[in-house]
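Chemist: What shape does this take:
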Amino acid sequence: MSKHHKHKRNKQHFIAVVTDRVKARGERMTELRLDVLNLLLQQTNPIGAYDLRDKLNSQKEKANEKKIEPASIYRCLDFLVSLGVVVKLESQNAFILCEHVDEQHQHVLMLCNGCGATAELHDDVAVRRLDKNAISLGFTPQHHVLEIHGTCRECQA
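Modeler: Sure, this is the predicted structure:
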């Protein structure tokens, strides 16, 4: 695992997938949603909503445009999370793009405590096993983000 995602993302493909999901829901791909998505595409590690807002407002300031409020950023991020293309890391209150955007799945993330690197696994067997155990306890799972904290190979060296 390195600080940079293992997958070299095709930006146009990623945006096309997101746009298709937005249209399938009967929604619009707003300018702010696209701006947030483009900023997330530039990130290699998770980023907080306020940091995203600051980066966007820096761009807006240069263009003499109206500043964006935190609530607007959070609404946009919540929408992108609901599409399954952005993952919220609860332990860090930060956001990162899904590494497997072409597949509908639950998120299993490895997070390095040393360098902050992330890697995503696509493990339906483990998720189904967790669901089965939850159901046996009378719990109905609806959404998963499994965070596994540890130390990446590079930080162990």
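Chemist: Where do the helices of the protein begin and end?
Modeler: With DSSP state H as the criterion, the chain has helices at 11-24, 31-42, 49-62, 70-83, 124-136, 153-156.
Chemist: got a markdown table for those, with mean pLDDT too?
Modeler: Formatted as a markdown table, the helices of the chain follow (pLDDT from 0 to 100):
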| stretch | mean pLDDT |
| --- | --- |
| helix 11-24 | 92 |
| helix 31-42 | 94 |
| helix 49-62 | 90 |
| helix 70-83 | 94 |
| helix 124-136 | 87 |
| helix 153-156 | 90 |
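Chemist: Around the nearest residue to Leu146 once chain neighbours are set aside, count how many other residues there are.
Modeler: Ranked by CB to CB, 6 or more residues apart in numbering and with sequence neighbours excluded, the top spatial neighbour of Leu146 is Val108, at 4.6 Å. All C-beta atoms are positioned from the backbone trio N, CA, C, and that covers glycine. By the criterion of other CB atoms under 10 Å, Val108 has 19 neighbours.
Chemist: do Gln156 as well
Modeler: Gln156 has 9 neighbours, counted by other CB under 10 Å.
Chemist: now Asp35
Modeler: 18.
Chemist: list the contacts for the residue nearest to Leu146?
Modeler: Val108 sits next to Glu120, Leu121, His122, Asp123, Ala126, Val127, His144, Leu146, Ile148 when contact means CB atoms under 8 Å, 6 or more residues apart in numbering.
Chemist: Can you name the residues bridging to it?
Modeler: Taking DSSP bridges as the rule, Val108 bridges to Leu121, Leu146.
Chemist: What pLDDT does the model give it?
Modeler: pLDDT recorded at Val108 is 80.
Chemist: quick one on the thing from earlier: which stretch among the helices of the chain comes nearest Glu99?
Modeler: helix 11-24 (10.3 Å; CB to CB).
Chemist: which residues are in contact with that closest one?
Modeler: 28-29, 33-34, 37-38, 41, 80, 83-85, 97, 101-102.
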